[in-house]
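S.K.: give me a model of this one.
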Amino acid sequence: MGELLLCHETIAALPYYIEETGINIYSMEELSYYISGNVYLLDHSFMCESLCTWVEKQMHRVELAQKLRENIRTEGKMSDFVFAILQDTAYCTMKEMQEIVFAVRQMEQKSDFECDKIRADQLMEKEKYLAAIYRYKHLLDEADTKETGEVLRGNIWHNLGTAYARLFLFEEAGRCFEKAYAFNKQKESLRECLMCCRCRHDEDAFAEIAKKYQVEERKQQEIRNEISIACKSEKLEQFESHLEELAQRTGGVQKAKAKKEVMDVIVQWKKEYRRSCKV
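M.R.: Numbering: from 1, shown residues only. Purely as a prediction, here's the structure:
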């Protein structure tokens, strides 16, 4: 879950898997913790029979499972479903429960489009970039069939571009930022589009877009300088120096240790990237 959580009650032999965030839940305390930290990600897919079965079979909370099933059967509110879990577990204080339920009720009063936008933004904050990309694309499909304001549509394209950029997919990101600018006319979107050209070392595309949108030479140079400065950041230079130091190790034991350190870094990068790509 990202931090230590002391559980006093039953630990599940089989965890409950939440696809939205790729998390396994092993106890009622963890379930309450998940709810409290992901209020804006909860949707009607959370109210499902598989969760009720897990509560009944793994947590041995028969009465709670029955209450949750009744809520689903009568097409009850998400806020009542969530409150039943929090109240039964008693992991949160009464004040915390009230705040969580209030937040869920606020979501219930919003349109599906507004809720999806909030959930996509939350996935971005939690670095679930691929899942956010699917959400934003779904929002754009909906926007095409609804009378959605151009600024809002442009902002969604901008966020989609940000998600692609976080996955180092700069070509796709650049296209999104350009579409964002076409809708919202925000200089930030155009700037990010040009930044993506620089990140993928495509000077021709940079010059073409700068000319197309009449970007001043001064602004172009600022963007070039910003990327250059980022490449020379103190942390990056320290990392490069450390790699050079490892590369210079030639002795048997030293060489093996250096190779292990490099592999550890690569493995960590892979883990972080794969986590960002989970749907």
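S.K.: tell me the domain ranges of this protein?
M.R.: Under automatic domain parsing, the residue ranges defining each domain of the chain are 16-108, 112-231, 234-276.
S.K.: these: which one's closest to Thr10?
M.R.: domain 16-108 (5.5 Å; Cβ to Cβ). C-betas here are computed from N, CA, C, even on glycine.
S.K.: measure the closest one end to end?
M.R.: 25 Å (Cα to Cα, to the nearest Å).
S.K.: can you map out the helices along this structure?
M.R.: 28-37, 49-57, 62-73, 78-89, 94-108, 112-125, 129-145, 150-166, 170-184, 187-199, 203-212, 217-231, 234-247, 252-276 (DSSP state H).
S.K.: and the fifth one, what does it pack onto?
M.R.: Which is helix 94-108. For helix 94-108, the packing partners by 3 or more Cβ pairs under 8 Å, 6 or more residues apart in numbering; DSSP states H and E come out as helix 28-37, helix 78-89.
S.K.: compute the inter-axis angle for that helix and helix 112-125.
M.R.: Angle between the axes of helix 94-108 and helix 112-125 is 130 degrees (criterion: axes from the mean of the first three to the mean of the last three Cα atoms, to 10 degrees).
S.K.: what stretches of the stretch 101-250 of the chain score poorly on pLDDT?
M.R.: 144-145, 147, 231-237, 239-240, 242-243, 246-247, 249-250 (pLDDT under 70).
S.K.: now the helices of the chain in a markdown table, with mean neighbour count and distance to Pro15?
M.R.: What follows is the helices of the chain, written out as a markdown table (neighbours: other Cβ atoms under 10 Å; distance: least, Cβ to Cβ, whole Å):
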| stretch | mean neighbour count | distance to Pro15 |
| --- | --- | --- |
| helix 28-37 | 21 | 9 |
| helix 49-57 | 17 | 8 |
| helix 62-73 | 16 | 17 |
| helix 78-89 | 19 | 16 |
| helix 94-108 | 15 | 22 |
| helix 112-125 | 17 | 21 |
| helix 129-145 | 18 | 20 |
| helix 150-166 | 21 | 28 |
| helix 170-184 | 21 | 34 |
| helix 187-199 | 21 | 39 |
| helix 203-212 | 14 | 46 |
| helix 217-231 | 12 | 40 |
| helix 234-247 | 11 | 36 |
| helix 252-276 | 12 | 17 |
